[in-house]
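**Q** please find the sequence and the predicted model below.
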Amino acid sequence: MYQIDYYFDTRKQKANGTFPLKIRLSDGRSSRFWASGFSFQKKEWNAKKQRVNAYFQGDLLQINTEIAEKLKNYRKRIKSLTEKRPFISLGDLKKALLEPEEISSEFLLESIKSIEDDFRKKDKNGTANSYKNLATTLRAFLRERKHALDGLNETHKEVLQLKTENGTTKMEVQQYDIALKAVNLAFIEMIEDWYLYDRKNKINGLRFIQATLRSSCNKIIKKRMMPQDWYPYKYYTIKTEKTKKRYLKPEELKRFLSEKPLNYQEDRAKKLFIASLFLSGMSFVDMAHLKVRNIRGSRIEYTRSKTKDDHISVEIPAMILPLIESFKEEKSDEEYLFPILTNKSEKTSITDAINNTRKKFNDALKSISKRAGVSIKITSLASRHTYATKLLLHGAPLEIISQALGHESTETTKTYISSFPNHIIDEYSKQALADVDIGLDI
């Protein structure tokens, strides 16, 4: 009888001060271990209850839910594997558990759904959503280009809200999937044509779609669903376009902050933007998960939602202390600090709740920036980009900016930072060459 649980390995401390939480698989005589993807400080882990305790700085409910779900999924797979192979060895069982589940479909969208499900079982919901979004896009492509495609299979009918010349209307629409053997270079190029010219989308949106589809093809080959020579991206180059960094120039930031909000949504959006900017460009997701207990004196201490093991400590600047106090007022330690999530969100999907609020947040920012005459499209990332660019223009080294943003690599940080504006380059050039005598008598 195999047992699986967590083992908190305190033998070797990580650079960020935490210790790794490992998966332990045992048959009663010996054990096998592997990384769980989580790490915590010693005081944060309760080994007896197999859960994180109240010392944890992040979202306690979410992290414990993720921890429990991971073990639950492993136990389901152990049950399935041991039923098929009653005498499987401990080593082979570990190897099987670490392998992605088999893709058994001969059709593209079904295969992508299997890949999405596999990432959800690993608690990688962000990556899983990328494949879900890919499938949604491909479903629309197959529906609109069905007359030009071979290998289509009718799957089911679905009621969709479709755009028409007179607005939108609900309609029952036949959905399709396509055989893997029909996915070739012509199919890939047809997606590009449809996405850019029929749908009039941008190149970087296409890049995301094609990169995720390419990844799906690689996984399908790895699982031996298709041979290596089937690979449809062998002669296709994914197009890319340099994106304009969305940061506010000083005069734009001043106009934006001076613009008065016209309703609750705009008031909330402006306050959250300010909080993010002054709290070291804190991400929208991290702000959403903050609770009142994350405030420790004059600092906010939390764990990054993206990496789950980076502990961040940010000083609350005196300028925004009244704003933070207004958010904190009459709330208990376990209530969310910012008006993004509520305790009711925990009963449904936290990810969906954050995405819904972020859409309203971005819409409100767009309205404010339009009235303020801001040239760029402001989203939840604008405060983060603006903070990073301001640090750079004030001489902060890239490593400092990277650490402030909670990035694992300075390469990630570079994508946040705009190129220096011409007047900054001009000024530095004048300073650098001021003492040079060119020696010409003109």
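**A** Perfect, I can see it now. Numbering: from 1, shown residues only.
**Q** where does the protein have low pLDDT?
**A** Applying pLDDT under 70 to the chain picks out residues 100-105, 156, 160-165, 242-245, 307-310, 344-348, 403-404, 406-442.
**Q** can I see the domain layout of it?
**A** 3-98, 108-230, 250-425 (automatic domain parsing).
**Q** put together a markdown table for these, with distance to Thr240 on each row.
**A** To be clear about C-beta, it is placed using only N, CA and C from the backbone, and glycine gets the same treatment. Output for the domains of the chain, formatted as a markdown table (distance: least, CB to CB, whole Å):
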| stretch | distance to Thr240 |
| --- | --- |
| domain 3-98 | 30 |
| domain 108-230 | 5 |
| domain 250-425 | 12 |
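**Q** residues contacting the residue lying closest to His289 once chain neighbours are set aside?
**A** Spatially, and ignoring its direct neighbours in sequence, His289 is nearest to Asp59 (4.0 Å; CB to CB, 6 or more residues apart in numbering). Asp59 makes contact with His289, Lys291, Ser305, Ile350, according to CB atoms under 8 Å, 6 or more residues apart in numbering.
**Q** closest to Phe8 out of the residues you listed?
**A** Closest approach between the contacts of Asp59 and Phe8, by CB to CB: Ser305, at 21.3 Å.
**Q** so which residue is smack in the middle of the protein?
**A** For the chain, the residue nearest the mean C-alpha position is Gly126 (4.9 Å; CA atoms, centre = their mean).
**Q** what strand or helix carries that residue?
**A** Here Gly126 sits within helix 125-144, counting by DSSP states H and E.
**Q** so what touches that helix?
**A** Under CB under 8 Å, 6+ apart, the answer for helix 125-144 is 108-109, 112-113, 115-117, 119-120, 149, 152, 173-178, 191, 194-195, 198, 208-209, 212-213, 216, 306, 351.
**Q** any of the residues you listed buried? List them.
**A** In the contacts of helix 125-144, burial by neighbour count holds for 108-109, 112-113, 115-116, 119-120, 149, 152, 175-178, 191, 194-195, 209, 212-213, 216, counting by 16 or more other CB atoms under 10 Å.
**Q** where do the strands of the stretch 201-350 of the chain begin and end?
**A** For the stretch 201-350 of the chain, the strands defined by DSSP state E, counting those that start in this stretch occupy 295-296, 299-303, 311-315.
**Q** what packs against the helix or strand encompassing Ile115?
**A** For Ile115, the host element (DSSP H and E) is helix 108-121. The helices and strands touching helix 108-121, judged by 3 or more CB pairs under 8 Å, 6 or more residues apart in numbering; DSSP states H and E, are helix 125-144, strand 167-178, helix 203-222.
**Q** distance from it to the middle of the chain?
**A** Relative to its parent chain, helix 108-121 has a centroid offset of 18 Å by CA atoms, centre = their mean, to the nearest Å.
**Q** quick one: it to helix 203-222, angle?
**A** On the basis of axes from the mean of the first three to the mean of the last three CA atoms, to 10 degrees, helix 108-121 is oriented at 90 degrees to helix 203-222.
**Q** CA atoms of helix 108-121 as CSV?
**A** Extracted in CSV, the C-alpha atoms of helix 108-121 (Å, rounded to 0.1, in the frame of the first residue of the first chain):
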residue,chain,number,x,y,z
LEU,A,108,-6.4,18.9,-32.0
LEU,A,109,-8.8,20.6,-29.6
GLU,A,110,-9.2,17.4,-27.5
SER,A,111,-5.4,17.1,-27.3
ILE,A,112,-5.1,20.7,-26.2
LYS,A,113,-7.8,20.1,-23.6
SER,A,114,-5.8,17.2,-22.2
ILE,A,115,-2.7,19.4,-22.0
GLU,A,116,-4.7,22.1,-20.2
ASP,A,117,-6.1,19.5,-17.7
ASP,A,118,-2.5,18.3,-17.0
PHE,A,119,-1.3,21.8,-16.1
ARG,A,120,-4.4,22.3,-13.8
LYS,A,121,-3.5,19.1,-12.0
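**Q** residues contacting Ser31?
**A** Listed by CB under 8 Å, 6+ apart, the contact partners of Ser31 are Tyr7, Arg24, Leu25.
**Q** quickly find the element holding the first one.
**A** Remark: Tyr7 resides in strand 3-8, with elements defined by DSSP H and E.
**Q** how long is stretch 49-63 end to end?
**A** Taking CA to CA, to the nearest Å as the measure, stretch 49-63 stretches 14 Å from start to finish.
**Q** no wait, stretch 190-200
**A** 14 Å.
**Q** how far off centre is it?
**A** Using CA atoms, centre = their mean, the mean C-alpha position of stretch 190-200 is found 26 Å from that of the whole chain.
**Q** and if you look at stretch 260-273?
**A** For stretch 260-273, the distance to the chain centre is 24 Å (CA atoms, centre = their mean).
**Q** give the buried residues for that stretch.
**A** Buried-residue list, stretch 260-273, by 16+ other CB under 10 Å: Pro261, Gln265, Glu266, Arg268, Ala269, Lys270, Lys271, Leu272, Phe273.
**Q** stretch 14-21 too?
**A** Neighbour counts over stretch 14-21 (16+ other CB under 10 Å) mark Thr18, Phe19, Pro20, Leu21 as buried.
**Q** now the first one, nearest residue through space, not along the chain?
**A** This points to Thr18. Using CB to CB, 6+ apart, the closest residue to Thr18 is Ser39 (4.1 Å).
**Q** circling back: can I get the contacts of Asp59 in TSV including neighbour count and distance to Trp230?
**A** Shown next, in TSV, are the contacts of Asp59 (neighbours: other CB atoms under 10 Å; distance: CB to CB, whole Å):
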residue	neighbour count	distance to Trp230
His289	26	42
Lys291	22	49
Ser305	23	38
Ile350	20	39
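**Q** what count of nearby residues applies to the nearest residue to Val374 once chain neighbours are set aside?
**A** Closest residue in space to Val374, ignoring its immediate chain neighbours: Glu252 at 4.8 Å, by CB to CB, 6+ apart. Using other CB atoms under 10 Å, Glu252 has 19 neighbouring residues.
**Q** any idea how far Ala318 is from Glu252?
**A** 25 Å (CB to CB, to the nearest Å).
**Q** could you check the angle the strand or helix carrying Leu81 makes with strand 3-8?
**A** Assigning secondary structure by DSSP H and E places Leu81 in helix 60-84. Relative orientation of helix 60-84 versus strand 3-8 (the same axes, to 10 degrees): 140 degrees.
**Q** okay then, goodbye and thanks.
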